[in-house]
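A.B. asks: Just a sequence and a predicted model for now, questions to come.
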Amino acid sequence: MMLTERATIDSRNWRAGCMNEPDFATFARQIEHMQLLDGKLLSENIKSELAAEVDLLRERKGKIPHLAAVLVGENPASQVYVNSKIRSCEQIGFKSTLIRRPEDTSEPEVLDIIQSLNEDPDIDGFIVQLPLPKHINEEKVTLAIDHRKDVDGFHPVNFGRMAQGLPAFLPATPYGIVEMMRRYNIETSGKHCVVVGRSNIVGTPISILLSRKGYPGDCTVTLTHSRTKDLPAEVRRADIVVAAIGIPQFVKADWVKEGAVVIDVGINRIPDASKKSGARLVGDVDFDAVAPKCSYITPVPGGVGLMTVTALLMNTLKACKKEIYQ
Ligand SMILES: NC(=O)c1ccc[n+]([C@@H]2O[C@H](COP(=O)([O-])OP(=O)(O)OC[C@H]3O[C@@H](n4cnc5c(N)ncnc54)[C@H](OP(=O)(O)O)[C@@H]3O)[C@@H](O)[C@H]2O)c1
């Protein structure tokens, strides 16, 4: 699988005509030691494990994990994300409920939906897809969710417990990243990790998780952001780079140390006339230039995004089994 994907990178550069033959030979040699962190393959493996657990739960306890998702408005990206979450639930035998409301739904109406999901004993966990329309206060919504059903891990109770190393629902994207590191046996102890971006859903929590005691953790972490002075110099010191900025192909090859592990969280749509849709997805890392320098790198698409959905499913199963809260 890894080899096939390596070959895909080779052929993409080859076909694009961006390299002559000697350059291609050098490129092929350089990437010989690089491995793609394959979010697609890993998610499929984890989903098979989850499906087996669902069978056991059904047999032994007569229970099936139930995830609900609330989608307000017509944001196209949100619709894609929610549909993929619902599809994944179906794939592994979870029950799922999608609650869709129009863009002009009022804040009290959304809070009422949350209240009823909090009180519904059949719902193990639920998410409210962000971003919400501007007239709805996201903080109020997040706080209204019962932290015992907060499978997105955004509630301050879960965030605080995570920071203290207590059992908690971890935010889905950082959870997906650490699970990926664990399953690929990425060495983290004593490594210097530079996180680019400090959002509450990605940058800040992954910086906490990788600096916690234990594996995957025990990193020395630098958390960078838009006010960081000389960002390229900071990134150059990293054994592990986590890029979560939201700017296409922002992290350049000359910022990255030879042999670094690069985790690209970004999902950005850029114009591409060669595609039927006129656009394609890229990450926050200049993948083609950076990949040959890395020991491991996540592709976009096919990397962290798929692991995020899988992490949400892992949290929902934990909620159903009451592994975190009684
Ligand atoms: N793969 C997934 O499942 C997944 C999940 C969530 C998000 N994403 C993607 O990940 C990316 C980041 O998302 P997010 O929600 O974390 O973004 P966000 O809330 O917009 O935060 C972006 C962060 O990047 C920093 N930043 C912006 N410009 C910078 C610059 N020039 N130099 C250094 N830092 C800069 C910002 O710094 P300040 O704090 O100083 O403004 C901020 O901390 C987006 O592409 C998003 O679509 C993917």
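C.D. replies: Alright, I've got the coordinates.
A.B. asks: Report how many residues lie close to residue 273.
C.D. replies: Close neighbours of residue 273, defined as other CB atoms under 10 Å, add up to 6. (C-beta placed from N, C-alpha, C; glycine too.)
A.B. asks: secondary structure element for it?
C.D. replies: Using DSSP states H and E, residue 273 is not contained in any helix or strand.
A.B. asks: all helices in the stretch 1-150 of the chain, in order from the N-terminus.
C.D. replies: Under the criterion DSSP state H, counting those that start in this stretch, helices of the stretch 1-150 of the chain are mapped to 2-15, 21-30, 39-61, 76-92, 107-119, 138-144.
A.B. asks: and what of the stretch 201-326 of the chain?
C.D. replies: 203-211, 231-236, 287-290, 304-320.
A.B. asks: Could you list every helix and strand that the last one packs against?
C.D. replies: I take that to be helix 304-320. Contact partners of helix 304-320 among helices and strands, from 3 or more CB pairs under 8 Å, 6 or more residues apart in numbering; DSSP states H and E: helix 39-61, strand 66-72, helix 76-92, strand 125-128, helix 172-183.
A.B. asks: which residues touch residue 98?
C.D. replies: Shown in contact with residue 98 (CB atoms under 8 Å, 6 or more residues apart in numbering): 68-69, 71, 82, 86.
A.B. asks: please redo it, this time with the cut-off set to 6 Å
C.D. replies: 69, 86 (CB atoms under 6 Å, 6 or more residues apart in numbering).
A.B. asks: Please report how far it lies from residue 109.
C.D. replies: Residue 98 is 16 Å from residue 109, where distance means CB to CB, to the nearest Å.
A.B. asks: Kindly report the residues of the protein close to the ligand.
C.D. replies: With CB under 6 Å from any ligand atom as the criterion, the chain comes near the ligand at residues 173, 196-199, 201-203, 225-228, 231, 244-247, 265-268, 284, 304-305, 308.
A.B. asks: Residue 86 and residue 94 touch, don't they?
C.D. replies: No. Residue 86 is beyond contact range of residue 94, at 9.4 Å (criterion: CB atoms under 6 Å).
A.B. asks: So for these two, which residue has more residues nearby?
C.D. replies: Under the criterion of other CB under 10 Å, the comparison of residue 86 against residue 94 puts residue 94 first, with 23 against 18.
A.B. asks: neighbours around residue 321, how many?
C.D. replies: The local packing of residue 321 (other CB under 10 Å) involves 14 other residues.
A.B. asks: which residue packs closest to it, ignoring adjacent ones?
C.D. replies: Nearest in space to residue 321, with sequence neighbours left out and distances taken as CB to CB, 6 or more residues apart in numbering, is residue 57 at 7.2 Å.
A.B. asks: was I right about that neighbour contacting residue 63?
C.D. replies: Yes. At 5.1 Å, residue 57 and residue 63 qualify as touching, with contact defined as CB under 6 Å.
A.B. asks: mind checking how far residue 320 is from the ligand?
C.D. replies: Going from residue 320 to the ligand by CB to the nearest ligand atom, to the nearest Å gives 22 Å.
A.B. asks: That residue and residue 116, how far apart?
C.D. replies: 19 Å.
A.B. asks: cool, and residue 214?
C.D. replies: 38 Å.
A.B. asks: hang on, the earlier thing: residues near the residue nearest to residue 321, how many?
C.D. replies: Residue 57: 17 neighbours (other CB under 10 Å).
A.B. asks: Equivalent analysis for residue 154, please.
C.D. replies: Using other CB under 10 Å, residue 154 has 24 other residues around it.
A.B. asks: again, but for residue 44
C.D. replies: By other CB under 10 Å, the residues close to residue 44 number 13.
A.B. asks: Check residue 313 too.
C.D. replies: Using other CB under 10 Å as the criterion, residue 313 is surrounded by 26 other residues.
A.B. asks: mind checking how far it is from residue 250?
C.D. replies: Applying CB to CB, the value for residue 313 to residue 250 is 30 Å.
A.B. asks: How about residue 89?
C.D. replies: According to CB to CB, residue 89 stands 33 Å off from residue 250.
A.B. asks: Among those two, which residue is more densely surrounded?
C.D. replies: residue 89 (24 against 19).
A.B. asks: is it true that that one touches residue 95?
C.D. replies: No. Using CB under 6 Å, residue 89 is not in contact with residue 95, being 7.2 Å away.
A.B. asks: Can you give the contact residues for stretch 174-188?
C.D. replies: Residues contacting stretch 174-188 (CB under 6 Å, 6+ apart): 37, 42, 205-206, 209, 216, 219, 261, 263, 307-308, 311.
A.B. asks: wait, which of those residues is closest to the ligand?
C.D. replies: residue 308 (3.3 Å; CB to the nearest ligand atom).
A.B. asks: who touches the closest one in this structure?
C.D. replies: Residue 308 touches 172-173, 176, counting by CB under 6 Å, 6+ apart.
A.B. asks: Tell me the one among the residues you listed nearest to residue 105.
C.D. replies: residue 172 (23.7 Å; CB to CB).
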